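Student: here are the coordinates; sequence isn't available:
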């Protein structure tokens, strides 16, 4: 651990909570290795005047003209090296069809300079890149300029048979999607699979940049129907999302989502990273969420949430992320919305995160969640560092209870109080549900040392009188601090 607990900040004269980070205890999902086979050169613009599909393509002075021809001549694991800009619509049929089973290739631009090679599409094609019988496709150092209503990559995950391997890897690519009239395309759209499938489905974005000015309804990635064997790995990427929320997994799949060390800038309302269902009963349970080292920043004046760990998630590993939502956003904006309901205590671990938002952390029907070594600063005057609720939903008229959570060693720096228990019409009020918690060694800040505000009964509690709220030894070793500052040593 780094910076645990409370210490004396040099020269301040008072004790202040330290910003905390945790050491990762679970291995990360690994990136796939790029192909290193025979290189076949393609000059789609015929910039040399020597491009011809009759060429073997292994000599850069005598390249092929189309990617389709180079792919036909390639073996599994070969490289297609682009020498000039690629108009994908110039391929046979007006798009690129990868349709040979058990043959994967790497399509590569200029390593280290993705701006040197641009892949474009225009008009209204049936497809752009159609991954049919091919099992594996990789792309490296290419700028994809998208200005059409079709998804960039259409992946048939049941072709040639069900439960096959389908890998789509993008390394150091740039996605520049600027058509604001498009209603709802996807960068990747997997189709024709079921949640009961057993195929090795793996989509990876590594070191890529995503930029768009599209309107509401746009999604970067399609996720519908993915099975438990599917994985999305998004690592070291930069998102500049204007006009729409950055990522939503939906609730119709059981996939594993791994987002590592990404920088996400969002100029839009809506939840930045949303996993499974918010209010309605999820279509499927079993989503696995793995978030590490991501930095989320929302532009001013929008009405967003940072991260939703929704009702269909039951295994969460969320560590060392940063979320910043400005004070002039909606007063209802939440950094971390926690609705995860784990089978066992320890299945979901949320630790080492740092959040500045109107409402930094909100346990809203979450159960058996471990929340530890996190720091949160509420930046709106009537808010707390931690909100708790037992929400009532259409499928749960008696309420979804926030029970059996483990809440230790956190910094909950409220504006009004350290914790707020929300009013609920559930069969059990929040105070009663919280008696099942293990909670201790936390630091709190509230105006006039206000520890807990129970909105159900309009009662305020001070930490020195904690036994008026708790029935046991909860928060016996916690403390109030006198500053809203969190020190970053």
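Tutor: That came through fine. This one's a predicted model, so the numbers in the text were calculated from it and none came from an experiment.
Student: and for residue 124, the neighbour number?
Tutor: Applying other Cβ atoms under 10 Å, we find 9 residues neighbouring residue 124. Heads up, the C-betas are built off the backbone N, CA and C, glycines and all.
Student: could you do residue 465 as well?
Tutor: 11.
Student: again, but for residue 134
Tutor: Residue 134, neighbours per other Cβ under 10 Å, totals 25.
Student: for the residue nearest to it when sequence neighbours are not counted, name its beta-bridge partners.
Tutor: Closest residue in space to residue 134, ignoring its immediate chain neighbours: residue 98 at 3.9 Å, by Cβ to Cβ, 6 or more residues apart in numbering. Residues in a beta bridge with residue 98, per DSSP bridges, are residue 131.
Student: so how far is residue 277 from residue 311?
Tutor: Look at residue 311 and residue 277: by Cβ to Cβ, to the nearest Å, they are 5 Å apart.
Student: looking at the two, which is more packed in?
Tutor: Per other Cβ under 10 Å, whichever of residue 311 and residue 277 has more neighbours is residue 311, with 28 against 23.
Student: where does the more buried one land on pLDDT?
Tutor: Per-residue pLDDT puts residue 311 at 93.
Student: try residue 183
Tutor: Per the predicted model, pLDDT is 55 at residue 183.
Student: quick one: pLDDT of residue 245?
Tutor: Value for residue 245, per-residue pLDDT: 79.
Student: oh sorry, the question was meant for residue 121
Tutor: 83.
Student: surely it and residue 91 touch.
Tutor: No: checked against Cβ atoms under 8 Å, the pair residue 121 and residue 91 is beyond contact range at 10.1 Å.
Student: who has more neighbours out of those two?
Tutor: residue 121 (24 against 20).
Student: any idea how many residues pack against residue 453?
Tutor: 21.
Student: any idea how far it is from residue 388?
Tutor: Counting by Cβ to Cβ - residue 453 and residue 388 are separated by 11 Å.
Student: same question, residue 169
Tutor: 41 Å.
Student: again with residue 126
Tutor: 51 Å.
Student: these two - which one has more neighbours?
Tutor: For residue 126 and residue 388, the more surrounded residue by other Cβ under 10 Å is residue 388, and the numbers stand at 27 against 11.
Student: surely that one meets residue 420?
Tutor: Yes: the criterion here is Cβ under 8 Å, and residue 388 meets it with residue 420 at 7.3 Å.
Student: circling back to that earlier point, and for residue 453 and residue 388, which residues touch both?
Tutor: 419, 420, 421 (Cβ atoms under 8 Å, 6 or more residues apart in numbering).
Student: so what's the last one up against?
Tutor: Yep, that's residue 421 we're talking about. 388, 389, 429, 430, 431, 434, 452, 453, 454, 455, 456.
Student: once you drop chain neighbours, what's closest to it?
Tutor: Using Cβ to Cβ, 6+ apart and skipping the chain neighbours, the partner closest in space to residue 421 is residue 430 (3.9 Å).
Student: quick one, helices of the stretch 51-200 of the chain?
Tutor: Counting by DSSP state H, counting those that start in this stretch, the stretch 51-200 of the chain has helices at residues 67-73.
Student: which residues of it score low on pLDDT?
Tutor: The stretch 51-200 of the chain contains residues with pLDDT under 70 at 178-185, 192.
Student: chain center to stretch 29-49, what's the gap?
Tutor: Here the centre of stretch 29-49 is set off from its chain's centre by 29 Å, with Cα atoms, centre = their mean, to the nearest Å.
Student: for it, give the mean pLDDT please.
Tutor: 96.
Student: end to end on it, go ahead and measure it.
Tutor: 44 Å (Cα to Cα, to the nearest Å).
Student: coming back round to it: please list only the buried members of the contacts of residue 421.
Tutor: 388, 389, 429, 430, 431, 434, 452, 453, 454 (16 or more other Cβ atoms under 10 Å).
Student: of all these, which comes closest to residue 474?
Tutor: Nearest to residue 474 among the buried ones among the contacts of residue 421 is residue 434, at 8.0 Å by Cβ to Cβ.
Student: how about the contacts made by that closest one?
Tutor: Counting by Cβ under 8 Å, 6+ apart, residue 434 makes contact with 388, 402, 421, 474.
Student: element containing the residue positioned nearest the centre of the chain, please.
Tutor: In the chain, the C-alpha nearest the mean C-alpha coordinate belongs to residue 273, at 4.6 Å (Cα atoms, centre = their mean). Taking DSSP states H and E as the criterion, the element that holds residue 273 is strand 270-275.
Student: now do the same contact list for residue 87.
Tutor: Residues in contact with residue 87 (Cβ under 8 Å, 6+ apart) are 44, 45, 119, 120, 121, 122.
Student: buried subset of those as a ChimeraX selection?
Tutor: Restricted to buried positions by 16+ other Cβ under 10 Å, the ChimeraX selection for these reads:
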select :44,119,120,121
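Student: got CSV for the contacts of residue 87, with distance to residue 360 too?
Tutor: Formatted as CSV, the contacts of residue 87 follow (distance: Cβ to Cβ, whole Å):
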residue, distance to residue 360
44, 50
45, 51
119, 41
120, 43
121, 42
122, 45
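Student: mind listing which of the contacts of residue 87 are in strands?
Tutor: 119, 120, 121 (DSSP state E).
Student: and the residue lying closest to residue 394 once chain neighbours are set aside, what does it touch?
Tutor: Nearest residue to residue 394 in three dimensions, chain neighbours excluded: residue 280, at 6.9 Å (Cβ to Cβ, 6+ apart). Listed by Cβ under 8 Å, 6+ apart, the contact set of residue 280 reads 251, 311, 393, 394, 395.
Student: highest neighbour count among these?
Tutor: residue 311 (28 neighbours).
Student: tell me the SS of residue 419?
Tutor: With DSSP: H, G, I helix; E, B strand; the rest coil as the basis, residue 419 sits in strand.
Student: buried residues, stretch 33-45. List them.
Tutor: 35, 38, 39, 40, 41, 42, 43, 44.
Student: is the fourth one in contact with residue 58, as I believe?
Tutor: It refers to residue 40. Yes: the criterion here is Cβ under 8 Å, and residue 40 meets it with residue 58 at 6.0 Å.
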